[in-house]
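**Student:** Need coordinates for the below:
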Amino acid sequence: MTTLLITHPAFVAHDTGTGHPERADRMRALDKVMGHEMFAGLERMEAPLRDDSRRWIALAHPEAYIDAIENARPGPDQFPVRLDPDTVMSPGTFEAAMRAVGAGLLAVDEVMARRAHNAFCQVRPPGHHAEAARAMGFCLFNSIAVAAHYARAAHGAERVAVVDFDVHHGNGTQDIFWGDKNLFFASTHQMPLYPGTGALSETGVGNIWNAPLRPGDGGEPFRDAFESRILPALGNFAPDLILVSAGFDAHRDDPLANLELVEQDFAWATRKIAEAADRHCGGRLVSMLEGGYNLTALARSAAAHVGVLMDAGS
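**Tutor:** Okay, the predicted model is just below:
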C-alpha cells in the first residue's frame with residue numbers, strides 16, 4: 001500500500017493578506033517540493049467538497065458555530081473579514097476550510113479501508129486552535145478533531161489518538177477531546193507561547209498528555225518528551241487510528257517561536273509515531289498540516305515527514 005497525498009488548488013485562494021505568516025506561498029512551497037521525483041510514488045487525490053461535510057463537522061462544532069462561520073464569509077467582491085486579530089476570511093476561505101475538512105474525511109476513508117497505508121493532508125487553513133465554538137489562531141474548523149469523530153462514527157474506530165508536534169499548543173483539539181476517554185490528545189509545544197494552554201496539569205479525563213518545552217529547546221528535549229511521556233501514554237491508549245497534527249513551526253528557522261528543531265527531528269518523531277501505528281492499529285495513520293511559516297524550513301521538514309510515511313508504507 002502507498003502513502004496518499006491530498007491537497008487542492010483552492011487552498012491557495014484562502015487570502016490572508018500582505019504580511020500574514022499563514023499565507024498561500026506555504027502551499028506553493030509544498031507543491032514544489034512534493035513535485036520532486038523522490039515523491040513520484042505518492043498516490044495523489046484532490047481534497048473534496050463533500051455534501052455530507054456539515055454533518056461530520058457538527059460532531060466537533062455546534063451547528064450555531066458552523067452557521068456563524070458560513071455567514072461571516074465575504075462575497076466575491078468584498079473585503080476580507082477578521083474573526084479575531086489573527087484569523088482572516090477572504091472570499092476563498094470558506095471553500096478552503098471545507099476542503100480541509102474534506103481532506104481529513106477522505107484520508108480516513110482511504111486509510112480505514114486499507115486502500116492507502118497512511119496519508120498526508122496538505123491543507124490550509126490549519127485547524128488545531130479552533131475550539132468547539134471559537135475560531136482563533138488562523139483556524140476556523142478543527143479538521144483533525146472532525147476526522148477523529150468521523151473515524152468513530154463512520155468507520156467504527158473505538159479509540160482515536162491525535163499527536164500534535166506543532167510549536168503552538170493545540171488548544172482547540174484539547175478543548176473538543178477534553179471529556180471523552182476514547183479520544184486521546186498528546187502535544188509537544190513551546191511554553192510559554194500562544195495560546196497559553198498546554199500545561200502538564202491539563203489532563204482532561206486522563207486522555208490529555210501535554211509535554212511543554214522551554215524556549216531554546218532543541219532535538220534532545222523534544223525526543224525525550226516523546227520517549228518519556230507521549231509514546232508510553234499512546235501505547236497504553238492502544239488506538240485504532242492515529243492522527244497527526246503536523247506543524248513544522250518548531251523548526252529553528254521559524255519566525256513565530258523559539259524552539260531549535262531541524263528536519264531530522266521531525267523525521268524521527270514521524271518514525272516513532274508510525275512505529276506506534278504499526279504496533280497498535282495496522283499502520284493506520286493520517287497526518288494533517290498545521291503550522292510552519294519559514295517556507296524553506298516548511299518544505300524541507302514536510303519532505304522529511306512524508307518521506308518517512310512513504311518508507312512506513314513500503
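**Student:** which stretches of the stretch 1-150 of the chain form helices?
**Tutor:** Assigned by DSSP state H, counting those that start in this stretch, the helices in the stretch 1-150 of the chain fall at 25-34, 53-57, 63-72, 93-112, 143-155.
**Student:** Output these in TSV, with mean neighbour count, distance to Thr203 and mean pLDDT appended to each entry.
**Tutor:** C-betas here are computed from N, CA, C, even on glycine. Listed next are these as TSV, based on neighbours: other CB atoms under 10 Å; distance: least, CB to CB, whole Å; pLDDT from 0 to 100:
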stretch	mean neighbour count	distance to Thr203	mean pLDDT
helix 25-34	18	33	98
helix 53-57	19	27	97
helix 63-72	14	26	98
helix 93-112	25	26	98
helix 143-155	25	18	98
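**Student:** Same list (those helices) but as JSON lines, adding distance to His14.
**Tutor:** Below are those laid out as JSON lines (distance: least, CB to CB, whole Å):
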{"stretch": "helix 25-34", "distance to His14": "9"}
{"stretch": "helix 53-57", "distance to His14": "16"}
{"stretch": "helix 63-72", "distance to His14": "13"}
{"stretch": "helix 93-112", "distance to His14": "4"}
{"stretch": "helix 143-155", "distance to His14": "13"}
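**Student:** Compare these and give me the one nearest Leu256.
**Tutor:** Proximity to Leu256 (CB to CB) singles out helix 25-34 among those, at 12.5 Å.
**Student:** neighbouring contacts of that closest one?
**Tutor:** Here helix 25-34 makes contact (CB atoms under 8 Å, 6 or more residues apart in numbering) with 5, 7, 11-12, 39, 42, 122, 124, 289, 292-293, 295-296, 298-300, 302-303, 306.
**Student:** Touching, Leu213 and Ala225? I think so.
**Tutor:** Yes. Between Leu213 and Ala225 there is a contact under CB atoms under 8 Å: 6.5 Å.
**Student:** if I look at the two, which residues touch both of them?
**Tutor:** Common neighbours of Leu213 and Ala225 (CB under 8 Å, 6+ apart) are Thr188.
**Student:** ok, back up a step: any of the contacts of helix 25-34 buried? List them.
**Tutor:** Buried residues within those, counting neighbours by 16 or more other CB atoms under 10 Å: 5, 7, 11-12, 39, 42, 122, 124, 289, 292-293, 295, 298-300, 302-303, 306.
**Student:** Can you report how many residues neighbour Leu243?
**Tutor:** By the criterion of other CB atoms under 10 Å, Leu243 has 32 neighbours.
**Student:** Give me the pLDDT for it.
**Tutor:** According to the prediction, Leu243 has pLDDT 99.
**Student:** helix, strand or coil for it?
**Tutor:** Under DSSP: H, G, I helix; E, B strand; the rest coil, the three-state class of Leu243 is strand.
**Student:** show me what contacts Met288?
**Tutor:** Residues counted as contacts of Met288 (CB under 8 Å, 6+ apart) are 100, 103-104, 107, 120-121, 123, 127, 143-144, 147, 243-246.
**Student:** try 6 Å this time
**Tutor:** The contact partners of Met288, taken as CB atoms under 6 Å, 6 or more residues apart in numbering, are Gly104, Cys121, Ser143, Ile144.
**Student:** Am I right that the first one is in contact with Ser143?
**Tutor:** What it means is Gly104. Yes. Gly104 is within contact range of Ser143, at 4.7 Å (criterion: CB atoms under 6 Å).
**Student:** what's across from the residue nearest to the spatial centre of the chain in the sheet?
**Tutor:** By CA atoms, centre = their mean, the chain has its centre lying nearest to Ser245, at 3.0 Å. Beta bridges link Ser245 to Asp164, Met288, judged by DSSP bridges.
**Student:** Identify the residues contacting it.
**Tutor:** Going by CB under 6 Å, 6+ apart, Ser245 touches His128, Ile144, Asp164, Asp166, Gly170, Glu290.
**Student:** Next: Pro215.
**Tutor:** Asn258.
**Student:** Point me to the residue sitting farthest from the middle of this protein.
**Tutor:** Asp77 (30.6 Å).
**Student:** That residue and Pro91, how far apart?
**Tutor:** Asp77 sits 8 Å away from Pro91, going by CB to CB, to the nearest Å.
**Student:** One more: His305?
**Tutor:** Counting by CB to CB, the separation of His305 from Pro91 is 31 Å.
**Student:** neighbour count winner among these two?
**Tutor:** Neighbours were counted for His305 and for Pro91 using other CB under 10 Å; His305 has more, 24 against 18.
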